[in-house]
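In: the sequence and its predicted three-dimensional model are supplied below.
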There are 2 protein chains.
Amino acid sequence: MTIETVETHRAHGGTQGVYRHASGATGTTMTFAVFVPPAAAKGPCPVVTYLSGLTCTHANVMDKGEYRQAAAELGLIVVCPDTSPRGEGVADDPAWDMGQGAGFYVDATQAPWAPHFKMWSYVTQELPAVIAQHFPVDTARQGITGHSMGGHGALTVALRHPGRFKSTSAFAPIVAPTQVPWGQKALPGYLGPDTALWRQHDAVALIEDGARPPDLLVDQGTADSFLAGQLKPELLQAACDAAGIPLTLRLQEGYDHSYHFISTFMAEHLAWHAERLKA
Amino acid sequence: MTIETVETHRAHGGTQGVYRHASGATGTTMTFAVFVPPAAAKGPCPVVTYLSGLTCTHANVMDKGEYRQAAAELGLIVVCPDTSPRGEGVADDPAWDMGQGAGFYVDATQAPWAPHFKMWSYVTQELPAVIAQHFPVDTARQGITGHSMGGHGALTVALRHPGRFKSTSAFAPIVAPTQVPWGQKALPGYLGPDTALWRQHDAVALIEDGARPPDLLVDQGTADSFLAGQLKPELLQAACDAAGIPLTLRLQEGYDHSYHFISTFMAEHLAWHAERLKA
């Protein structure tokens, strides 16, 4: 699998790059960002994948996530994929919570999405293989995180790949998409009416159905306008409590849903990942 | 002078806001960003103004400058103005190095710029008064910095206001606009043919003509594509050497002209400012 370098910049002693490649999973050109820390000069580094939220591309967190200083200090590679296929001939929807920019990290089976919207396969299989081929990652040491829809992606990907991720965290994740409007629109839209399929993409349902991650870190701003209607971290707390999963759920006073929230706690998340990836 | 709050976000324990006001200097609505650190709850804080480069607004550094963590830790207010007047009835030029986004921190006297392009008055007089009125700043403790065209602005503003700024730094500044293409286009364009007026907006010329700042910090990336043609830090080094001004000029290996460079060294600049502002 070949990749094309779109741009690279020296940053915080490492290299922040943007790359694109022809994705077999989505049948489109996919763009992603990778930060390689200075420690990579000495050998393979642990890798943390950050999945972005609705409307975002790889660029939002690259520009506003403030992850490079901590990643450089901790020796972490950070991979930031796009949130959906894009381009000519790719289906879209005028709403911002469906279609391009809103892939929800599922493999769509329904028209008009099925031909390209295969973000589950992309982020769990194809992109990790591309990263392993082209970047100095230690694939035995992987962590995953994300924001909002990307927090949903991080949690569900981790829960369905036991043992693969040594560390999982999320910023203001959608924890129970089957129970909230965003998910109740996206899951039938992409997957059709079979609710059993939806549960495969719902972190709370996956825990209810037996998934047992070692531990989880979730930050959630109390001034987040989506907190009560779409995010509902109390549902994750209840599921983790019932399952005996150690969840560190931190309600951050006055923080909203923006990258000002994410960037404030990014370094702490990366430190949490590093602690587990280097254990 | 009243201001309107466009948005505020809790960030790194403080508040990042965006504000706008009717500027008397420019005759337009001007937008600016201010970060207020948590220390402001206990009393007035020192203030550092960051002047942005060509094509930028207040938003580039707010999004990509990574200044909030350090400013929060150091107790600094950070003010980020726009780079020119904008809007209906404001002159512009199809080139990106003239007109809107390229005010060069001068008071234009030439058509079509003279009616609105008064960025010198705006950043030296009007905006500081607005900030002093609406934010908890200690006006006895002011620092100034900037990038590229904004580094030019920071240096010239500081050099022409002896005693007002206790700390001055710049990222990849245009140090001698009278000697490089950007300045040789902008200065006559905005100020007309009198080269004596140009020298009032040229840091090297101001030092040659007697300005004596206590000290200066300048970072410059060695992979900056504008280094040899437009930035020429060696001219500033020579002027400071001749004048006995302590200049800390750091050539940063492999860094380019982007915000990846700025954000890498932002915390060190703010620490340098804090050391002088809190002395």
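Out: Happy to help now that I have it.
In: could you list every residue that touches A:Pro181?
Out: A:Pro181 sits next to A:Gly229, A:Gln230 when contact means CB atoms under 8 Å, 6 or more residues apart in numbering or on different chains. Using the backbone N, CA and C atoms, a C-beta is placed for each residue, glycine as well.
In: so for it, what's the pLDDT?
Out: At A:Pro181, the pLDDT value in this model is 98.
In: contacting residues for the residue nearest the centre of chain A?
Out: In chain A, the C-alpha nearest the mean C-alpha coordinate belongs to A:Leu51, at 2.2 Å (CA atoms, centre = their mean). Contact analysis of A:Leu51 by CB under 8 Å, 6+ apart lists A:81, A:83, A:105, A:123, A:144-147, A:149-151, A:153-154, A:157.
In: now, which of those residues sits nearest chain B?
Out: A:His147 (14.5 Å; CB to the nearest CB).
In: what does chain A have sitting close to chain B?
Out: By CB under 8 Å from any CB of the partner chain, the residues of chain A that approach chain B are A:9-13, A:16, A:63-64, A:66, A:68-69, A:221, A:223, A:254-256, A:258-261, A:263-264, A:267.
In: could you redo the last one with a cut-off of 6 Å?
Out: Contact residues, chain A versus chain B (CB under 6 Å from any CB of the partner chain): A:9-12, A:16, A:63-64, A:66, A:254-256, A:258, A:260, A:264.
In: before we move on, the earlier item: can you redo the contacts of A:Leu51 as JSON lines with secondary structure and pLDDT?
Out: Below are the contacts of A:Leu51 laid out as JSON lines (DSSP: H, G, I helix; E, B strand; the rest coil; pLDDT from 0 to 100):
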{"residue": "A:Pro81", "secondary structure": "strand", "pLDDT": "98"}
{"residue": "A:Thr83", "secondary structure": "coil", "pLDDT": "98"}
{"residue": "A:Tyr105", "secondary structure": "coil", "pLDDT": "98"}
{"residue": "A:Val123", "secondary structure": "helix", "pLDDT": "98"}
{"residue": "A:Ile144", "secondary structure": "strand", "pLDDT": "98"}
{"residue": "A:Thr145", "secondary structure": "strand", "pLDDT": "99"}
{"residue": "A:Gly146", "secondary structure": "strand", "pLDDT": "99"}
{"residue": "A:His147", "secondary structure": "strand", "pLDDT": "98"}
{"residue": "A:Met149", "secondary structure": "helix", "pLDDT": "98"}
{"residue": "A:Gly150", "secondary structure": "helix", "pLDDT": "98"}
{"residue": "A:Gly151", "secondary structure": "helix", "pLDDT": "98"}
{"residue": "A:Gly153", "secondary structure": "helix", "pLDDT": "98"}
{"residue": "A:Ala154", "secondary structure": "helix", "pLDDT": "98"}
{"residue": "A:Val157", "secondary structure": "helix", "pLDDT": "98"}
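In: save the residues you listed as JSON lines, and put in neighbour count too.
Out: Below are the contacts of A:Leu51 laid out as JSON lines (neighbours: other CB atoms under 10 Å in any protein chain shown):
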{"residue": "A:Pro81", "neighbour count": "28"}
{"residue": "A:Thr83", "neighbour count": "26"}
{"residue": "A:Tyr105", "neighbour count": "25"}
{"residue": "A:Val123", "neighbour count": "26"}
{"residue": "A:Ile144", "neighbour count": "28"}
{"residue": "A:Thr145", "neighbour count": "32"}
{"residue": "A:Gly146", "neighbour count": "33"}
{"residue": "A:His147", "neighbour count": "30"}
{"residue": "A:Met149", "neighbour count": "29"}
{"residue": "A:Gly150", "neighbour count": "32"}
{"residue": "A:Gly151", "neighbour count": "30"}
{"residue": "A:Gly153", "neighbour count": "34"}
{"residue": "A:Ala154", "neighbour count": "30"}
{"residue": "A:Val157", "neighbour count": "22"}
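In: does A:Thr248 sit in a helix, a strand or a coil?
Out: With DSSP: H, G, I helix; E, B strand; the rest coil as the basis, A:Thr248 sits in strand.
In: next one: A:Trp113
Out: Per three-state DSSP, A:Trp113 ends up coil.
In: cool, and A:Ala223?
Out: Classification of A:Ala223 using three-state DSSP returns coil.
In: my read is that it contacts A:Glu253, right?
Out: No. With contacts counted by CB atoms under 6 Å, A:Ala223 stays clear of A:Glu253, the gap being 8.0 Å.
In: those two: which is more packed in?
Out: A:Ala223 (15 against 9; other CB atoms under 10 Å in any protein chain shown).
In: for that one, give me its contacts.
Out: The contact partners of A:Ala223, by CB atoms under 6 Å, 6 or more residues apart in numbering or on different chains, come to A:Gly254, A:Asp256.
In: try 10 Å
Out: A:Gln252, A:Glu253, A:Gly254, A:Tyr255, A:Asp256, A:His257, A:Ser258, A:Phe261, B:His9, B:Arg10 (CB atoms under 10 Å, 6 or more residues apart in numbering or on different chains).
In: ok, and the closest non-adjacent residue to the fifth one?
Out: Right, the one you point to is A:Asp256. Closest residue in space to A:Asp256, ignoring its immediate chain neighbours: A:Ala223 at 4.9 Å, by CB to CB, 6 or more residues apart in numbering or on different chains.
In: mind checking pLDDT for that neighbour?
Out: 98.
In: where do the helices of the stretch 101-250 of chain A begin and end?
Out: A:119-121, A:127-134, A:149-159, A:181-191, A:195-199, A:203-208, A:233-243 (DSSP state H, counting those that start in this stretch).
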